[in-house]
Every structure is written in structure tokens, then in C-alpha cells.
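Trainee: Give me the fold of what follows.
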Amino acid sequence: MAVNLFRTQLKSRSVVYCLRFASQSSRPNDIVDRIIRVDHAGEYGADRIYAGQLAVLQNTSVGPTIQHMWDQEKEHLRLFSNLVISRRARPTVLLPIWNIAGYALGVGSALLGKEAAMACTVAVESVIIEHYNNQLRDLLRVQHKDSELLEAIKRCRDEEEEHHNTGLEHDAEQAPNYWLLSSAIKAGCYGAIWLSERI
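Mentor: This is a model prediction of the structure:
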């Protein structure tokens, strides 16, 4: 009787332990959760920036170029939206703000001219490239490598670098007050990253 009672208790504890482990393992760890949250927010913001730029510059010589970059950003957003769902990561609550801020930045930079729009792209992408490289280093230090997330970040990083170079090729540095405009946009990006990682 005592043996049977011990077996029942042991089995019950094992079931509880397994349920707890399953619940914990179905949630991403803190690093992965933070990375997916901020990258999803960043790609959402980029989507809104290009939407705003194209609304102004669609019928100009850079319209097709902006459309191409926007199409790639849409794919990045789809990629991280799927990761939010599959990894049960918590998205940032700031998405409504990034919706308005991203679109306003896109429209505002485009209204200053094609060069300013490209300067915006160069500034944003330079921050994002650095950000993605930092994330890759963090993920490579983790004992159990997340190959799917690593590949997603590498792919996005490479295409963001393409956007950065495209902006330079389209006279980004010829924008009025380029240094001031670039510095302000970069500061905004760093702030958005910091907030989206935490909120």
C-alpha cells in the first residue's frame, strides 16, 4: 500500500513537472523574446516609412526603387510576424505609435526631396545593420543556437545593407543638411529600439 502510494505521488509530481517544463519551453527565452519583439517592431516601422515615401514619390524617378525596397520590407515584416506567432513572443504595445511615426517620417523626408528620402533610408538602415549584427553576436553566444532566427536576421541584415547602399547611390548625401537630418533620424531609431525591446 505504501509502495503504491509512493508510486502515485511520484507519478503525480512527474506529470506536474512535465506540464511546467512544457509551459516554459513553449515560451521563448528572454533573449529570443526581446529580439523577436524589437525586430518585428522595426520591420513594421520600416514598412510604414516606405509607405509614406512612396505616397509622395511614386511618380518620380525613384518610385520603382522605393517600391522594390518596400516589397522587401513587407517580406521582412511577414517573416517576423510569423515568428511572433510561432514562438509566442510578446509584440510591443507601441505598434500604433510606430505606425504613425514611421509614416510621418516617410512622408516628411519625401517632401524634402528625393535626396532627403534616400538620406532617411541610409540613416535608418545604418542603425538597423548595426542592431542586427549585435543580435547575431548575442545569439551565437547562446548555448542552444536558434538556426531559424539566425537565418531570418542574416537575411534581413543583408537586404537592409542593400537598401543602405541603394540610398547612397541615389545621392542621399546630397540632401540639404544631410548630417543634421541623418543624426536626428539615427537618434530616433536608437530610441525606438530601446523602447521596443522593453515595452
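
Trainee: Would you map the helices across this protein?
Mentor: 2-25, 30-57, 63-86, 95-111, 114-141, 147-169, 178-198 (DSSP state H).

Trainee: rank the ones you listed by mean pLDDT and give me the bottom one.
Mentor: Per-segment mean pLDDT for the helices of the chain reaches its minimum on helix 2-25, at a mean of 39.

Trainee: what sits against the residue most central in space within the chain?
Mentor: Centroid check for the chain by CA atoms, centre = their mean gives residue 39 as the closest residue, at 2.1 Å. Applying CB atoms under 8 Å, 6 or more residues apart in numbering, we find residue 39 in contact with 80, 132, 135, 153, 156. The way it works is simple: take the backbone N, C-alpha and C, and place the C-beta from them, glycine included.

Trainee: repeat that for 6 Å
Mentor: Going by CB atoms under 6 Å, 6 or more residues apart in numbering, residue 39 touches residue 80.

Trainee: So which of the helices of the chain is the most surrounded?
Mentor: Across the helices of the chain, averaging neighbours per residue (mean count of other CB atoms under 10 Å) puts helix 30-57 on top, at a mean of 23.

Trainee: Let me know the angle separating that one from helix 147-169.
Mentor: For helix 30-57 against helix 147-169, the angle by axes from the mean of the first three to the mean of the last three CA atoms, to 10 degrees is 30 degrees.

Trainee: Could I have the CA atoms of stretch 103-115 written out in PDB?
Mentor: This file holds the C-alpha atoms of stretch 103-115, laid out as PDB (Å, rounded to 0.1, in the frame of the first residue of the first chain):
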ATOM      1  CA  TYR A 103       4.500  57.000 -41.900                       C
ATOM      2  CA  ALA A 104       5.200  60.600 -40.800                       C
ATOM      3  CA  LEU A 105       8.900  60.100 -41.200                       C
ATOM      4  CA  GLY A 106       8.400  58.600 -44.700                       C
ATOM      5  CA  VAL A 107       6.200  61.400 -45.900                       C
ATOM      6  CA  GLY A 108       8.200  64.200 -44.200                       C
ATOM      7  CA  SER A 109      11.500  63.000 -45.700                       C
ATOM      8  CA  ALA A 110      10.000  62.600 -49.100                       C
ATOM      9  CA  LEU A 111       8.500  66.100 -49.000                       C
ATOM     10  CA  LEU A 112      12.100  67.400 -48.600                       C
ATOM     11  CA  GLY A 113      13.000  65.800 -51.900                       C
ATOM     12  CA  LYS A 114      14.300  62.500 -53.300                       C
ATOM     13  CA  GLU A 115      17.800  63.000 -51.700                       C
END
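
Trainee: Off-centre distance for that stretch?
Mentor: The chain centroid and the centroid of stretch 103-115 are separated by 21 Å under CA atoms, centre = their mean, to the nearest Å.

Trainee: Repeat that for stretch 159-174.
Mentor: 19 Å.

Trainee: Could you list the residues in contact with it?
Mentor: With CB under 6 Å, 6+ apart as the test, stretch 159-174 has contacts from 62, 69, 72, 115, 118-119, 121-122, 125-126, 128-129.

Trainee: Going by distance to residue 199, which of those wins?
Mentor: residue 128 (19.0 Å; CB to CB).

Trainee: Right, I'll call it a day here.
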